[in-house]
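J.: Sequence isn't available, so here's the structure alone:
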Ligand code: AMP
Ligand code: ZN
């Protein structure tokens, strides 16, 4: 069965059919750089990365009405950086509230005043562009560590990760085009998109214009609300000569609305033929409405295309104890938090991709440890493979088919991992050909090529998983060694228990050394 993927726009699974079978265009809504991205954000980004890697794989087959196109193929993946115009109330169609970058400026300025800037944050907190650059750099570091391909590629081709602030000219041109077509209008100190000019408004999210009218109001100032023709009309430009990041425009000095940037950057980079349609578009489930609804409406109006994206891909949220992981709830963990605790990027990545994208994932430390064990098992498989080719060809064919069948089935990752692990379990003496197939699978999973944390060897103890050597632990291990030598096993066990309580798992290693990991 060739690759089928759920499409939010049509509410059903459909074959993935890019305009060009060998070159897929894919746009992902990226981070708003007002703070560090949390692992919930990365769950969405990594789900998109898994999708693009599957499309690139030689194992992925696409169906064009019975004509099968085999991989590998090129995926041009673009992911934006939002550094202006994303408002704190953008979850509502109104687009009201405060610019998230402005809120970050306030948060960091207050923190600096009270001497509580987060560790490692060394910026002028009054400079929004500097804040954006600072968090962009940190995002890129985390993303590269987690093997997000678009971030790795952006090192040599920065146009793959464009920034909103570098694309304001294009946004102004798009607004003008919409005004000229009668799809946007100026009212008060703003320019709005007129949802009534696009009868298909609601086609992505299933909302109707009338429902939005009934539920609207309250979130935007009464003056602004009244100046709009319809409550669901959304902001394209805000005149605000006091906004820290502002640009000249025909509608006064100000800044663009958030939804606009993605239409401009996607079409600019991915639609050189001006067809108005890209192949794939992704974002977390909260992007479906209003963000993608609005992107779709303004893009289709401007270009005349029937669809902005052939396929819309929306991974579900990462949860913590039943709640969405989010900044506002304060229940979030960043990737760098996990790295600092000694968890390796490969395990973090695997933990974040191993639940099907259309189910909520639940983050647990236990899950992370299981992922770590799996990564080590895969590494051991490659490490022990002989240099000789050969082995069980039939088993390889079976594993390949089972892996591909699962991935083609709307990215059924659990099935794919099951096929892979069953094959590894049945292959105790892997050959060079087995190692090669493992690498082919891993090109899709993106785990084994990630940087391994260094091990620190203090002579008596080897600190693993990126753990920093700790003098107190080393001293306790020396005491334990002395106790064992004196055959005082009760004392040796007591020290081990104390270390366990401190969060260290210890394991005897060759040459009388001890391996120290986390409990
Ligand atoms: P933001 O930086 O707030 O613009 O969010 C970046 C991306 O992360 C968006 O596509 C969101 O939909 C997504 N996102 C936010 N929270 C979560 C979560 N808990 N789980 C999965 N994705 C999320
Ligand atoms: Zn977007």
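T.: Yep, it's here. If you're wondering where the values come from, they're calculated on a predicted model, not measured in any experiment. Numbers count the residues shown, from 1 in each chain. Ligands and ions are numbered 1, 2, ... in the order given.

J.: Just give me the neighbour total for the residue in the stretch 1-150 of the chain positioned nearest to ligand 1.
T.: The minimum distance from the stretch 1-150 of the chain to ligand 1, using CB to the nearest ligand atom, falls at residue 40 (2.5 Å). Where C-beta positions appear, they are placed from N, C-alpha and C, glycine not excepted. Neighbour count of residue 40, defined by other CB atoms under 10 Å: 23.

J.: mean confidence for the strand or helix carrying it?
T.: For residue 40, the element it lies in under DSSP states H and E is helix 39-56. Mean per-residue pLDDT for helix 39-56: 98.

J.: Pull up the gap between the residue of the stretch 1-150 of the chain closest to ligand 1 and residue 50, please.
T.: Applying CB to CB, to the nearest Å, the value for residue 40 to residue 50 is 16 Å.

J.: that older thread, after the helix holding residue 40, heading C-terminal, what element do we hit next?
T.: strand 61-64.

J.: packing partners for that next one?
T.: Contacts defined by 3 or more CB pairs under 8 Å, 6 or more residues apart in numbering; DSSP states H and E place strand 61-64 against strand 12-15, strand 67-70.

J.: Quick one, grab the pLDDT at residue 453.
T.: Per-residue pLDDT puts residue 453 at 78.

J.: From ligand 2, how far out is it?
T.: Distance of residue 453 to ligand 2, computed by CB to the ion, to the nearest Å: 34 Å.

J.: quick one: that residue and residue 344 touch, right?
T.: Yes: Residue 453 is within contact range of residue 344, at 4.8 Å (criterion: CB atoms under 8 Å).

J.: Neighbour count for the two, which is higher?
T.: The residue with more neighbours, out of residue 453 and residue 344, is residue 344; 24 against 18, by other CB under 10 Å.

J.: distance of residue 196 from residue 209?
T.: To residue 209, residue 196 is 7 Å away according to CB to CB.

J.: which residues do these two both contact?
T.: Common neighbours of residue 196 and residue 209 (criterion: CB atoms under 8 Å, 6 or more residues apart in numbering): residue 230.

J.: quick one: which of these two has more around it?
T.: Neighbour count, other CB under 10 Å: between residue 196 and residue 209, residue 209 has more, with 17 against 13.

J.: Now for whichever residue of the stretch 201-350 of the chain sits closest to ligand 1: which residues touch it?
T.: As assessed by CB to the nearest ligand atom, ligand 1 sits closest to residue 284 within the stretch 201-350 of the chain, at 1.9 Å. With contacts defined as CB under 8 Å, 6+ apart, residue 284 is in contact with 29, 40, 41, 44, 314, 315, 317.

J.: Can you tell me how far it is from ligand 2?
T.: Here the criterion is CB to the ion. By it, residue 284 lies 10 Å from ligand 2.

J.: next one: residue 193
T.: To ligand 2, residue 193 is 15 Å away according to CB to the ion.

J.: Reformat the helices and strands packed on strand 61-64 as CSV; add distance to ligand 1, mean pLDDT and mean neighbour count.
T.: Shown next, in CSV, are the helices and strands packed on strand 61-64 (distance: least, CB to the nearest ligand atom, whole Å; pLDDT from 0 to 100; neighbours: other CB atoms under 10 Å):
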stretch, distance to ligand 1, mean pLDDT, mean neighbour count
strand 12-15, 21, 98, 13
strand 67-70, 29, 95, 12
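
J.: Just send these back as TSV, with distance to ligand 2 too.
T.: Listed next are those as TSV, based on distance: least, CB to the ion, whole Å:
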stretch	distance to ligand 2
strand 12-15	22
strand 67-70	28
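
J.: Any idea which of those strands gets closest to residue 173?
T.: Residue 173 lies closest, by CB to CB, to one member of the helices and strands packed on strand 61-64: strand 12-15, at 32.8 Å.

J.: now stretch 246-263, how far from the centre of its chain.
T.: Centre-to-centre, stretch 246-263 and its host chain are 26 Å apart (CA atoms, centre = their mean, to the nearest Å).

J.: close to ligand 1, is that stretch?
T.: No: using CB under 6 Å from any ligand atom, stretch 246-263 never reaches ligand 1; the gap is at least 8.8 Å.

J.: now check that stretch, is it near ligand 2?
T.: Yes: using CB under 5 Å from the ion, stretch 246-263 comes into contact with ligand 2 via residue 262.

J.: Give me the buried positions along that stretch.
T.: 246-247, 249, 251-252, 254-263 (16 or more other CB atoms under 10 Å).

J.: Okay, helices next: where are they in the stretch 401-519 of the chain?
T.: Along the stretch 401-519 of the chain, counting by DSSP state H, counting those that start in this stretch, helices occupy 413-425, 432-445, 471-485, 489-501.

J.: The longest one versus helix 489-501: what angle between them?
T.: Read it as helix 471-485. 160 degrees (axes from the mean of the first three to the mean of the last three CA atoms, to 10 degrees).

J.: I would like the residues contacting helix 471-485, please.
T.: Contact partners of helix 471-485, identified using CB under 8 Å, 6+ apart, comprise 458, 460-461, 489, 491-492, 495-496, 498-499, 502, 504, 506, 512, 514, 516.

J.: Also stretch 108-119?
T.: 121, 123, 125, 126, 131.

J.: which of those are close to ligand 2?
T.: With CB under 5 Å from the ion as the criterion, those include none near ligand 2.

J.: Please report the confidence value the model assigns to the residue of the stretch 201-350 of the chain closest to ligand 1.
T.: You'll see residue 284 listed with a pLDDT of 97.

J.: how many other residues sit next to the residue of the stretch 51-200 of the chain found nearest ligand 2?
T.: Distances between the stretch 51-200 of the chain and ligand 2 by CB to the ion are smallest at residue 80, namely 6.4 Å. When neighbours are counted by other CB under 10 Å, residue 80 registers 23.

J.: what sits against the residue nearest to it when sequence neighbours are not counted?
T.: Excluding the flanking residues, the one nearest residue 80 by CB to CB, 6 or more residues apart in numbering is residue 30, at 4.6 Å. By CB under 8 Å, 6+ apart, the residues touching residue 30 are 45, 79, 80, 81, 82, 161.

J.: make it 6 Å
T.: For residue 30, the contact set (CB atoms under 6 Å, 6 or more residues apart in numbering) comprises 79, 80, 81.

J.: pLDDT value on it, please?
T.: Per-residue pLDDT puts residue 30 at 97.

J.: what kind of secondary structure is it in?
T.: What DSSP: H, G, I helix; E, B strand; the rest coil gives for residue 30 is coil.

J.: Torsion angles phi and psi at residue 57?
T.: Main-chain dihedrals, residue 57, degrees, to the nearest 10: phi -70, psi 140.

J.: I'd guessed it sits against residue 446; true?
T.: No: Residue 57 is beyond contact range of residue 446, at 11.0 Å (criterion: CB atoms under 6 Å).

J.: and stretch 481-490, which residues are buried?
T.: For stretch 481-490, using 16+ other CB under 10 Å, the buried residues are 481, 483, 484.

J.: got the buried residues for the helix or strand containing residue 338?
T.: In the assignment (DSSP H and E), residue 338 maps to helix 335-340. Residues 335, 336, 338, 339 are the ones in helix 335-340 that count as buried (16+ other CB under 10 Å).

J.: residue ranges with poor pLDDT in the stretch 151-300 of the chain?
T.: Applying pLDDT under 70 to the stretch 151-300 of the chain flags the ranges 213-225.

J.: Now do the helices in it.
T.: Using DSSP H, counting those that start in this stretch, the helices of the stretch 151-300 of the chain run over 168-180, 209-215, 222-227, 258-270, 293-303.

J.: could you dump those helices to TSV with distance to residue 278?
T.: Formatted as TSV, the helices of the stretch 151-300 of the chain follow (distance: least, CB to CB, whole Å):
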stretch	distance to residue 278
helix 168-180	15
helix 209-215	25
helix 222-227	32
helix 258-270	5
helix 293-303	9
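
J.: Return the residues of the stretch 151-300 of the chain in contact with ligand 2.
T.: residue 262.

J.: Residues of the stretch 151-300 of the chain that sit close to ligand 1?
T.: So the stretch 151-300 of the chain meets ligand 1 at 283, 284, 286, 287 (CB under 6 Å from any ligand atom).
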